[in-house]
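Student: Here is a sequence with its predicted model. Questions after.
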Amino acid sequence: MSISTLAAELIRNADSEGGRSLLEPEVYQLLGSARIKTPTWFMLEPGELPSEEQLESLPGKDVVLKVASRDIAHKTELGGVRICRKDPAEIRACAADIVDSVGNRGSENLKSSIQGIL
């Protein structure tokens, strides 16, 4: 798929969801299609554990988790970013903390807008 076709598709999808912006994984897709290097990433549903293969693909001993939502532009202000050990149980706990923090610091509407944890 060409970069312009992918960009148009991603923008249509965001627009159909009432979004004002692309999700970070969508930006990574777009950059990757232009052969621009991006960080190693994957998206988890809240509460989902990463696979062993996913964990092995990540460099280092720690990982950065970020909330993915079209309605949350400033992730850190809502507690939507965490650094944790590259361990499935810790990743699940950190992801749960992110979701709770978004609800507590933001609103239940923002919490319900979470599409995943990157």
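Tutor: The structure has been received and is ready for your questions.
Student: in what helix or strand does V63 lie?
Tutor: strand 62-68 (DSSP states H and E).
Student: Just give me how far stretch 25-40 sits from the chain centre.
Tutor: Taking C-alpha atoms, centre = their mean, to the nearest Å, one finds stretch 25-40 lying 13 Å from the centre of the chain it belongs to.
Student: ignore the last one, stretch 5-17
Tutor: Relative to the centre of its chain, stretch 5-17 is centred 17 Å away, using C-alpha atoms, centre = their mean.
Student: Can I get that stretch in CSV? Just the C-alpha atoms.
Tutor: Taking only C-alpha atoms (Å, rounded to 0.1, in the frame of the first residue of the first chain), the coordinates of stretch 5-17 have been written out as CSV:
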residue,chain,number,x,y,z
THR,A,5,-3.2,5.5,0.4
LEU,A,6,-2.3,4.5,4.0
ALA,A,7,-2.4,8.1,5.2
ALA,A,8,-5.9,8.6,3.6
GLU,A,9,-7.1,5.3,5.2
LEU,A,10,-5.8,6.2,8.7
ILE,A,11,-7.3,9.6,8.5
ARG,A,12,-10.7,8.2,7.4
ASN,A,13,-10.6,5.7,10.2
ALA,A,14,-9.8,8.4,12.8
ASP,A,15,-12.5,10.7,11.4
SER,A,16,-15.1,7.9,11.5
GLU,A,17,-14.3,7.4,15.2
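Student: Need the residues that contact it.
Tutor: Residues outside stretch 5-17 that contact it (C-beta atoms under 8 Å, 6 or more residues apart in numbering): M1, R20, S21, L22, L23, E26, Q29, L30, S33, R70. For every residue, glycine as well, the C-beta is placed using N, CA and C.
Student: Would you indicate which residues of stretch 25-32 are buried?
Tutor: P25, E26, Y28, Q29, L30 (16 or more other C-beta atoms under 10 Å).
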